[in-house]
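Enquirer: With the input below, show me the fold.
(one chain, ligands or ions: 2)
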Amino acid sequence: MHFRVNTKGISAEAQQAVVDSIRVVPNFPKPGLFFKDLSLLLGNPAAFGSTIDALVHKYAGRGITAVVGIECRGFCFAAPVAIALKVPFVPFRKPGKLPCKSIGIDFKQSAGKHSAYFGKDRLEMHEDGLTAGSKVLVIDDLLGTGSTMFGACELVEKVGATVVECACIVEVKELAGRERVKRDIFILIEDAED
Ligand SMILES: O=P(O)(O)OC[C@H]1O[C@H](OP(=O)(O)OP(=O)(O)O)[C@H](O)[C@@H]1O
Ligand SMILES: Nc1ncnc2[nH]cnc12
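Expert: Numbering: from 1, shown residues only. Ligands and ions are numbered 1, 2, ... in the order given. Have a look, this model is predicted:
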């Protein structure tokens, strides 16, 4: 499997380092599935930094007032982007983890063998995490069936905020997550034709 970086915001060398750090692990977590592992990317400061730079380049000047990250792998990318854009980072968490008054959303996992991955079907945030009128960039590491990103967008909108765009580092294209999310989605590292 080959990849390409979907932005001109970083150099060709940096793009190469980013795509070289994606590891595809066959038959994990179940036979027949392909796991897109980003841990080598996170472990390579140059590639990780370039990934963040590319997202910041894309979203600077877009009027974003908050960056939401989805627990837990989404946090790795959303938090540094929020810092660079100088806006609050808002963690969306799996149920039962937040100590203060919270608001949440239940969403349906899409049917099919892939939904049996690790799926959770509820996300929560602290009530004071986002305000009505916030213009939000929602970041996760991976778009699969789109159920998680869909739920996150619904929660953003439930509090009267707006989703400017959803960004993921990679996607599992055959799961057609974009159709489920029904909002603008940017995938930073796309599958390339061999
Ligand atoms: O598009 P979907 O089919 O909903 O799948 C995508 C979600 O699945 C993974 O999360 P996981 O539940 O494995 O959580 P983790 O990041 O905490 O490992 C991934 O990080 C996305 O959040
Ligand atoms: N194919 C995949 N690779 C990495 N993380 C995942 N989470 C759900 N599906 C995944």
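Enquirer: and the residue nearest in space to the middle of the chain, what helix or strand is that in?
Expert: In the chain, the centroid-proximal residue (C-alpha atoms, centre = their mean) is D140; its distance is 1.3 Å. Using DSSP states H and E, D140 sits within strand 135-143.
Enquirer: Give the rounded mean pLDDT of that strand.
Expert: What strand 135-143 shows for mean pLDDT is 98.
Enquirer: Next secondary structure after it?
Expert: Next helix or strand after strand 135-143 toward the C-terminus (DSSP H and E): helix 147-158.
Enquirer: That next one and ligand 2 in contact?
Expert: No: Helix 147-158 stays clear of ligand 2 (C-beta under 6 Å from any ligand atom), getting no nearer than 8.8 Å. C-beta: built from backbone N, CA, C; applies to glycine.
Enquirer: what helices or strands is that helix leaning on?
Expert: strand 66-70, strand 102-106, strand 122-126, strand 135-143, strand 162-171, helix 177-181 (3 or more C-beta pairs under 8 Å, 6 or more residues apart in numbering; DSSP states H and E).
Enquirer: List the buried residues of it.
Expert: For helix 147-158, burial by neighbour count (16 or more other C-beta atoms under 10 Å) applies to S147, T148, M149, F150, G151, A152, C153, E154, L155, V156.
Enquirer: Surely C166 touches G146?
Expert: No: in this structure, C166 is not within contact of G146 by C-beta atoms under 8 Å, at 9.2 Å.
Enquirer: More neighbours: those two, which one.
Expert: Using other C-beta atoms under 10 Å, the more surrounded residue of C166 and G146 is C166, with 27 against 24.
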